[in-house]
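*Asks:* This is a predicted model, with the sequence first.
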Amino acid sequence: MSGALRIERVVTSGVFQLDGGTWEVDNNIWLIGDDHDVVIVDAAHDEKAITEAVNGRDVVAVVCTHGHNDHVTVAPALGANLHAPVLLHPGDQALWELTHPEQKFWSAQDGERIAVAGTELRIVHTPGHSPGSICLHLPEAGALFSGDTLFSGGPGATGRSFSDFPTIISSIRDRLLALPGDTKVHTGHGDGTTIGDEAPHLSDWIARGH
């Protein structure tokens, strides 16, 4: 018996760096699996905390929702020590190289599926916060892992290099708001939300144009 499918959160703290600025941030790392297998979503700051949460399970993959340093901090180390591939959309190659210039990753492409614990995670390419931003949809659990594409209250930031506001709005409108309204959104930072809670605000986000 491998137990029931479950979603676990680990919160780590560290620094986000880009365009010459630094910000203290708390990151959500998500573990999706059962008693035997698990997928790690994002690899922020603290390898030990993430490894302890894995608790000896087989790691199918370390999936990075995008290439900002706070989401890939310990990805190569986790991949090596847990014998798992590190997945990132190739659109974020330039961002990855800012943190890990000598390290390689496996390509995560739109529509690909990752099998874990008797179910599948579907990769959804959602550019805007960065060119290679992805979300992971887990239909069996009615869950979406949105990285920094969608938060409680609106889209992720687009005021820094490699980001674009109209693109993130298109990604959310066309790819995410098409999901069932009761889909739970597990975000890269802070509290979660649902698709139904965020959908009515799309026109407001566009009007604000932030």
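*Replies:* That came in fine, so what should we check first?
*Asks:* pretty sure Ile134 is in contact with His89, am I right?
*Replies:* Yes: counting by C-beta atoms under 8 Å, Ile134 does reach His89; the two are 5.2 Å apart. Using the backbone N, CA and C atoms, a C-beta is placed for each residue, glycine as well.
*Asks:* Apart from its neighbours in sequence, what residue is nearest Pro90?
*Replies:* Ser107 (5.2 Å; C-beta to C-beta, 6 or more residues apart in numbering).
*Asks:* For the one you found, give the beta-bridge partners.
*Replies:* Counting by DSSP bridges, Ser107 forms beta bridges with Leu88.
*Asks:* for the chain, which spans come out with low pLDDT?
*Replies:* 1-2, 209-210 (pLDDT under 70).
*Asks:* what residues are up against Pro155?
*Replies:* Contacts for Pro155 (C-beta atoms under 8 Å, 6 or more residues apart in numbering) come out as Gly128, His129, Thr149, Phe165, Ile168, Ile169, Ile172, Trp205.
*Asks:* Leu98 in helix, strand or coil?
*Replies:* Per DSSP: H, G, I helix; E, B strand; the rest coil, the secondary structure class of Leu98 is helix.
*Asks:* before we move on, the earlier item: in helices, which of the contacts of Pro155 appear?
*Replies:* Using DSSP state H, the members of the contacts of Pro155 that fall in helices are Phe165, Ile168, Ile169, Trp205.
*Asks:* For ChimeraX, write a command that selects the buried ones of these.
*Replies:* With 16 or more other C-beta atoms under 10 Å as the criterion, this ChimeraX line picks the buried residues out of the ones in helices among the contacts of Pro155:
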select :165,168,169,205
